Each structure stands twice: as C-alpha cells, then as structure tokens.
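1. What follows is a predicted structure for the sequence shown.
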Amino acid sequence: MNSSLYPHFGVLLVDDEPAWLRSLSLTLERSAGIANILTCQDSRLVLGLLDENEIGLVLLDLTMPHLTGDELLRMIAERHPETAVIIISGMNQIESAVNCMKLGAFDYFVKTVEEDRLVSGVLRAIRMLELERQNREMSSRMLSGELKYPQAFSGIVTSDRAMHAIFSYIEAVAMSSEPLLIIGESGVGKELIAKAAHTLSGCSGQLVAVNVAGLDDNVFADTLFGHMRGAFTGADQARRGMIEEAADGTLFLDEIGDLSIPSQVKLLRLLQEGEYFPLGSDRPKRLKARVIVATHQDLALKQAAGTFRRDLYYRLCIHLVQVPPLRERKGDLPLLLDHFLEEAARALGKKKPTPPRELADLLATYTFPGNIRELKAMIYNAVSIHRDRVLSMEAFLKTIGKPLEKTSNSDTKSPERNLYSGLERLPTFGEAAELLVEEAISRANGNQTIAARLLGISQPALSKRLKLSRNGQDSALT
C-alpha cells in the first residue's frame, strides 16, 4: 500500500450497495482525509482481501447476500483478530448491536446516523489501531535495542544510551497521525529529531518549519491558515498557509510554549477537528499534515500556572520526547568535537586542525548553557582564528577557563552568595584549599593542567599543593 496515504493501513468498506460504498468513501476522504480505502460488494471476497492486503479496519454491512455481516464478523475475529471491525447496519436494533459487540466488533452505527458521528467513530478506531501498533513496535525496539532505520538519525552525532532510546521511540511513533511533542533546552537539537521523525513517517510531502515565538494571534492564524483575497486590508491576493504548504508532509511548530492563549485555542481546534478556515473563508480545509511541536519551556509548569491550556497540553502529550542537555551526555563531547572540527574546517576552507589532548577534558568541565549550538559556535570560532597544526585552546579558555567575572553589584555581595556563611565552623585555609583542589581535579578528570587553569594558578603551584597534601602538611597555596 502507498505509505503516503492516511492511514498507513487499508480501510475496507464492505456493502452490496455500490452507491453506498461511493458515498461512504467520499465522506471519509472529504471529512477525515482517509484515502487508503478499498471497497468490496461481494462478501465472499472479503477474507481473500484481508489475506492479500494490509488492512487494519473493516466497515461491514450486516445485511448482504451470500455471507451475512454476522458470519463475516465471526470469521474475521477468528482469522484476523488484529483487524478492527465497525458494523454499519440499515436497522437500529439493540439486540443486533449487542450481539455484534459480543462477537468482537469495535463499534456499531446505523446508516441514518449523522455523518460526523460515523467519521468520529472511524477516526477513533484508527487511533486505537495506531497506538496498538506503536506499543508493539516500542516493546520490540526496547527488547532488541536495535534501530531498523539508523540512517534516519545520521545527522545526530551521539553514542549516548538515552539518545538511542529516543531514536527507538521516534521509530515507533513516526507513522502516527497524532502530534509529537519535543521538549528540550535551546540548542539540544530538537529540529534534528523532528527531521528524523519526518523522514521515518514515509510522507511524500515536505517538512515545513515555523518558529511561532513572538507571533501575535492574527499573524499566527495568517501564517498557519493563509487567507483569501480581501480578507483584510492589504490582502490583495490569496495566500496559502503553512498547513497547506505541508500537505502530505510534516508541519513543525517550534517554541509553541510562547503561544498566546487565543493562538493555543486555534491550535487545539486544528488538532481536535483536523480542519481549519483560511482567513476570510467560510469553507473549511482538511489538515493533511503530521504535526510536530517543540519547546524549551516546561509546559507542565505553564499549564499549572494557567498560561498554557491544560486541554492542549494533554492533547500534545500523546507522543512526548525529552531531549537531554549536553551536560548530561558529556560522553558525546569527543565525538562532537571531532565532527565540528571537520565541519568547520571544510566550511572555512582550512585543513582540519589537531585538538590538544586535554581539550576534551576542558570541555567536560563546562556546563554548556547553550548546549550543542554553543559548542558548535565555540569550535567554529576557534577554527576561524587557527594558524598552527595544533588547535589553540585560548578561544575555549576565554569562555571555560576564566573565573566568573564580577557583576556590577559584586561589591555588595549578599550573605546567600557566600559559601561559608551558614557553616558553624569555618574551614582553615589549608582545608579550603584541599577541597578546591579536589573539586578541580575531579572536574578536569585528573588533568592537572586543566585543573590549574580552573583554579587560576600555575601548574607548578598545583603540583606543589598536591605534594604537600600527600605528605600530610597544611600549607596555603602561594
């Protein structure tokens, strides 16, 4: 089956009335974007179609010649228990409905029921089947520990176990029609995760990224939904919105934690109803794109504070990924250092420099508030001023190796900023020096050159301090 169709599995419509089949097919496609549809007028052919095709859902008429709906329901439950069945009957009979539910039907509708209720029931069944498949795939991934499509993550440089667990999760939920929420600090690579999810989705359309931070409600609506000619002053011609640009692909909304409450309402309605109105239009359009959103903010705290809608928060949390900051995956620093050195050298037309052996240890002492984006900028800066064969560490030491600069208010320090203010007994100079040396050596992974730079002293002075400590003497550093 065509992987670009929604859903990824087939939906089989079975009825002996061709007019009803055509009408139902058009309704499902027009109202819910369900295009992966097969139809069958002869009930005797149904089991063969299930054997030959990847069909997840069957919409089955009860009253048909040859094999009745009841008989087919029993056969499907026995031979294809993974396939969901919705009964659509021409008669509203409670006894018949109860009997079908006992036989394993997912739902029961009468043909005269409102169109919206029927479409909602079909979408509910599709979501259930997708979640079941994702649970099976996640269990399989976690047990095997292997990725089926590692090439989708080739743009992400890592050997971290937590990151590989995220890759497994993304593989499992990539084909879901439900939104994916990516949380992580600025600079951790949320857009790279979104690109991998788009690649694995099998969608034929493009990935359209929109940073919604700072957009007021009107600009947000116009950006996403587009507008008709004459919708507002200055709208001289119609414009397609980003949702339409992302048709059959992925719409990636970055920094959704900054959305205003009115814009949050519009996003929630889009996700719930799967349709939207271009500005100035009274005819709805279907959402035909997978939606991925990202934020660096804590949405749980924002919804508790009332600045982010609770219903939208829970709607977005169906599929959730939290990308760890660089300080929690420092084992990746050597890999990232080598990767960005090569990338920077190529971009700047230089030969790839050789990093000093202690550079990776120095980087490991830093918390990287800007995460991988900051590391990349740091390395590009160092390579841009590089002259010799071995990369100079000076550019890195300007950020990492210097003690924190005093702020304008540093002359009037508050007691809370004094580390010793709450101690009952003050340590001696020797004790304090030993603690400082011990912490510096730990942060530098045993490298005395880096530890000395962190302390703001020379390496001979640090060696002297360590020698005195080993000999049990209590002397201050000079």
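-> Alright, I've got the coordinates.

2. care to break the protein down by domain?
-> Annotated domains of the chain cover 10-130, 145-324, 327-399, 426-478 [automatic domain parsing].

3. Let me have those domains in a markdown table, extended by mean neighbour count, mean pLDDT and distance to residue 138.
-> (Each C-beta comes from the backbone N, C-alpha and C, glycine too.) Putting these into a markdown table (neighbours: other Cβ atoms under 10 Å; pLDDT from 0 to 100; distance: least, Cβ to Cβ, whole Å) gives the following:
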| stretch | mean neighbour count | mean pLDDT | distance to residue 138 |
| --- | --- | --- | --- |
| domain 10-130 | 17 | 91 | 12 |
| domain 145-324 | 18 | 93 | 4 |
| domain 327-399 | 16 | 92 | 22 |
| domain 426-478 | 15 | 76 | 36 |
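
4. As JSON lines, the ones you listed with distance to residue 420 would be great.
-> JSON lines is the format used below for the domains of the chain (distance: least, Cβ to Cβ, whole Å):
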{"stretch": "domain 10-130", "distance to residue 420": "58"}
{"stretch": "domain 145-324", "distance to residue 420": "32"}
{"stretch": "domain 327-399", "distance to residue 420": "23"}
{"stretch": "domain 426-478", "distance to residue 420": "6"}
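
5. got the contact list for the helix or strand harbouring residue 450?
-> Using DSSP states H and E, residue 450 falls within helix 448-455. Among residues not part of helix 448-455, those counted as contacts by Cβ atoms under 8 Å, 6 or more residues apart in numbering are 358, 361-362, 365, 397, 401, 436-437, 440-441, 443-444, 458-459, 461-463, 466.

6. can you tell me which of the residues you listed are in helices?
-> 361-362, 397, 436-437, 440-441, 443, 459, 461-463, 466 (DSSP state H).

7. mind listing what residue 246 touches?
-> 205-208, 289.

8. correct me, but residue 106 touches residue 88?
-> No - with contact defined as Cβ atoms under 8 Å, residue 106 does not reach residue 88; the gap is 11.7 Å.

9. contact partners of stretch 258-269?
-> 212-217, 220-221, 224, 253, 256, 276, 295, 297, 307-309, 311-312, 315.

10. Determine how far it lies from the middle of the whole chain.
-> Put simply, stretch 258-269 sits 19 Å off its chain's centre (Cα atoms, centre = their mean, to the nearest Å).

11. how near is the residue lying closest to residue 174 once chain neighbours are set aside to residue 346?
-> Spatially, and ignoring its direct neighbours in sequence, residue 174 is nearest to residue 200 (3.5 Å; Cβ to Cβ, 6 or more residues apart in numbering). Distance, residue 200 to residue 346, using Cβ to Cβ, to the nearest Å: 28 Å.

12. Can you flag which of the contacts of stretch 258-269 belong to strands?
-> 253, 276, 295 (DSSP state E).

13. before we move on, which element is the most centrally placed residue in the chain in?
-> For the chain, the residue nearest the mean C-alpha position is residue 182 (3.3 Å; Cα atoms, centre = their mean). Element membership for residue 182, per DSSP H and E: strand 180-183.

14. Which strands border that strand, and is each parallel or antiparallel?
-> Paired strands of strand 180-183, with direction, are strand 290-295 (parallel), strand 319-322 (parallel) (DSSP bridges).

15. so which of those strands gets nearest residue 135?
-> The closest of those to residue 135 is strand 319-322. By Cβ to Cβ, the value is 11.8 Å.

16. which residues touch the closest one?
-> 166, 169-170, 173, 176, 178-184, 193.
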